[in-house]
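Q: Quick one, fold the following:
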Amino acid sequence: MTSKDELFNPAKLSPRDKAAATDTTAKAIITAEAAAREKKTEKLRALRLQQEAEAPTAAAPAKKRRTAPKSV
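A: Here you go, the predicted structure:
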């Protein structure tokens, strides 16, 4: 059976240690999110390029010329 001393950490962490742990965790989260964002961007870019390659190139419709308004 475990004793009370084994369950709880009797030594308190200094504010500097707490800040370092928080900083490390935050940096890890930010790095993971950036990697996921880059992966998603690359996937979407590849899909877009594939879709553009498969789509037939349609000529742009000719612009209509504006006629002068008829004066009465």
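Q: quick one: the host helix or strand of Lys40 to chain centroid distance?
A: Secondary structure assignment for Lys40, by DSSP states H and E: helix 15-54. Here the centre of helix 15-54 is set off from its chain's centre by 6 Å, with CA atoms, centre = their mean, to the nearest Å.
Q: any idea which element Lys70 lies in?
A: Counting by DSSP H and E, Lys70 is part of no helix or strand.
Q: how deep is it tucked in, by neighbour count?
A: 5 (other CB atoms under 10 Å). In this view, the C-beta of every residue, glycine as well, is placed from N, C-alpha and C.
Q: same deal with Ala20?
A: 12.
Q: Same question for Ala55.
A: 8.
Q: With Pro15 instead?
A: 8.
Q: and what of Pro69?
A: 6.
Q: Repeat that for Lys43.
A: 10.
Q: Report pLDDT for it.
A: Turning to Lys43, the model gives it a pLDDT of 98.
Q: repeat for Leu47
A: So, for Leu47, pLDDT stands at 96.
Q: Report the backbone C-alpha coordinates of stretch 51-58 in CSV.
A: Output of stretch 51-58 as CSV, limited to C-alpha atoms (Å, rounded to 0.1, in the frame of the first residue of the first chain):
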residue,chain,number,x,y,z
GLN,A,51,-8.1,20.2,-59.1
GLU,A,52,-6.7,23.0,-61.2
ALA,A,53,-4.8,20.5,-63.3
GLU,A,54,-7.9,18.3,-63.9
ALA,A,55,-10.2,21.2,-64.7
PRO,A,56,-10.5,22.1,-68.3
THR,A,57,-9.1,25.5,-69.1
ALA,A,58,-12.0,27.5,-70.3
